[in-house]
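Chemist: model this:
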Amino acid sequence: MPSIHLTFDNNYGIYIFAFLILPLIFFYKAKVVNFTTNNLSLSKNTSTQLQGIFILIVVLHHISQRMEPSGFLAIFHYVGYLSVGAFFFISGFGLTKSLQKNSKYLDGFLYQKIARIYLPFIIVNILTLMALYIIGTTFTYDVLIQNIIGVKLIDGTLWFIITILIFYFFFYLSFKKYYGFKSLILVTILVLIYILVYRYLEKGAWTFVSSLCFPLGIYYAFFEKKVNTIIYNNFTPILFGSLFLFLTTFLLYNLHILKGGAFISGIFFVIFIFIIFLRVNPYTLIFNLIGKVSLEIYLLHMKILILFSFFTNLDSGFWITLYFTTLVACAFIFHRFNNFIFIQLTSTTKN
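Modeler: Now for the predicted structure:
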């Protein structure tokens, strides 16, 4: 895809959007809840809300990488892998909880994940290639096919799609026949193999430094009651301890002092965030809806960013707001389309 360089006359508009509007909307109806060991749990609503805020942080991360000057938004340069870690944790946790509730959850699991995630990925790739062809870009047939199926990424930011599908496959292999400690060990080993392979292939550190958060989410769901009891009895020291460890490892990693610090800081960040949201219940309709279309936002955000940059350079708060509004609106439309296709495909297999 074409590269983007965003030149801002001033950054005040995007500062207001990123540091004021988004936090205010997210925490507008948030409530601190009193809890016991019985009701201490990461709810489905909270997970969806967090997916909503973290997908927008990912978008801001990619915008900040292309801004000149990035100013205070430069902080988003450093948080991309942390947001990805949160998504991996939510995925591992959600899969395990679903399996605990339904022993037949893995029946047709891979087919459903392909229909829900991989097919929209292919559709977006085809549309992107068509747009590039219209503006004069040509491809050989083998490169065209590789770009469509994701062997080569026409949009490099979409590496997460391939990785999460690989992790879903790991989960399936680990838990299809047996649910127990051996399954936890197997899924951890498979993720470690993924890390080693991607590091050896020099795929880029961003493709694997957050990976351990996926089995972390699985482990948390597996031992949820025991972990929650510990958190309940030691909430304050665990909360501030995880914050201290996150900030320390994060700084040491970015100062190039702690080798492997991204792995460690990502884990402590996830622990800190999800301990907070055991006590804090966010609930705004906007972020609940955004969380539900986080996949579509991820698939579309760079394409719409490029389209906007052709005409506006996104050089004011007005254009930034319009960009995000357009992105979310397009994501909703694409989500409805994806749901229709998913229902058609899954109903066909059931019949």
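
Chemist: May I have the secondary structure class of Thr138?
Modeler: Assigned with DSSP: H, G, I helix; E, B strand; the rest coil, Thr138 falls in the coil class.

Chemist: Break down the stretch 251-351 of the chain into its strands, ranges please.
Modeler: 280-281 (DSSP state E, counting those that start in this stretch).

Chemist: low pLDDT regions in it?
Modeler: Under the criterion pLDDT under 70, the flagged ranges of the stretch 251-351 of the chain are 313, 315, 348-351.

Chemist: Nearest spatial neighbour of Tyr298, chain-adjacent residues omitted?
Modeler: Excluding the flanking residues, the one nearest Tyr298 by C-beta to C-beta, 6 or more residues apart in numbering is Ile55, at 6.1 Å. All C-beta atoms are positioned from the backbone trio N, CA, C, and that covers glycine.

Chemist: er, Leu127 actually
Modeler: Nearest one to Leu127, counting by C-beta to C-beta, 6+ apart, is Lys303 at 7.9 Å.

Chemist: that older thread, number of residues surrounding the residue nearest to Tyr298?
Modeler: 25 (other C-beta atoms under 10 Å).

Chemist: returning to that earlier point: distance check, the residue nearest to Leu127 against Asn147.
Modeler: 14 Å (C-beta to C-beta, to the nearest Å).

Chemist: Same check on Thr321?
Modeler: Distance, Thr321 to Asn147, using C-beta to C-beta: 32 Å.

Chemist: any chance you could map the helices in the stretch 151-300 of the chain?
Modeler: Here the stretch 151-300 of the chain has its helices, by DSSP state H, counting those that start in this stretch, at 159-175, 181-200, 213-222, 224-233, 235-254, 261-279, 285-292, 294-311.

Chemist: what's the most buried one of these?
Modeler: Mean neighbours per residue, mean count of other C-beta atoms under 10 Å, is largest over those for helix 213-222, with a mean of 24.

Chemist: Centre of the chain to that one, how far?
Modeler: Relative to its parent chain, helix 213-222 has a centroid offset of 15 Å by C-alpha atoms, centre = their mean, to the nearest Å.

Chemist: closest one to Arg66 among the helices of the stretch 151-300 of the chain?
Modeler: helix 294-311 (8.0 Å; C-beta to C-beta).

Chemist: could I have that closest one exported to PDB, CA atoms only?
Modeler: Extracted C-alpha coordinates of helix 294-311, given in PDB (Å, rounded to 0.1, in the frame of the first residue of the first chain):
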ATOM      1  CA  SER A 294     -13.100  -4.100  16.700                       C
ATOM      2  CA  LEU A 295     -12.100  -6.700  14.000                       C
ATOM      3  CA  GLU A 296     -13.600  -4.600  11.300                       C
ATOM      4  CA  ILE A 297     -12.000  -1.400  12.600                       C
ATOM      5  CA  TYR A 298      -8.700  -3.200  12.600                       C
ATOM      6  CA  LEU A 299      -9.100  -4.500   9.000                       C
ATOM      7  CA  LEU A 300     -10.200  -1.100   7.600                       C
ATOM      8  CA  HIS A 301      -8.300   1.600   9.600                       C
ATOM      9  CA  MET A 302      -5.200   1.900   7.400                       C
ATOM     10  CA  LYS A 303      -7.200   1.800   4.200                       C
ATOM     11  CA  ILE A 304      -9.500   4.700   5.300                       C
ATOM     12  CA  LEU A 305      -6.500   6.500   6.700                       C
ATOM     13  CA  ILE A 306      -4.800   6.400   3.300                       C
ATOM     14  CA  LEU A 307      -8.000   7.600   1.600                       C
ATOM     15  CA  PHE A 308      -8.300  10.500   4.000                       C
ATOM     16  CA  SER A 309      -4.600  11.400   3.600                       C
ATOM     17  CA  PHE A 310      -5.100  11.800  -0.100                       C
ATOM     18  CA  PHE A 311      -7.500  14.700   0.400                       C
END
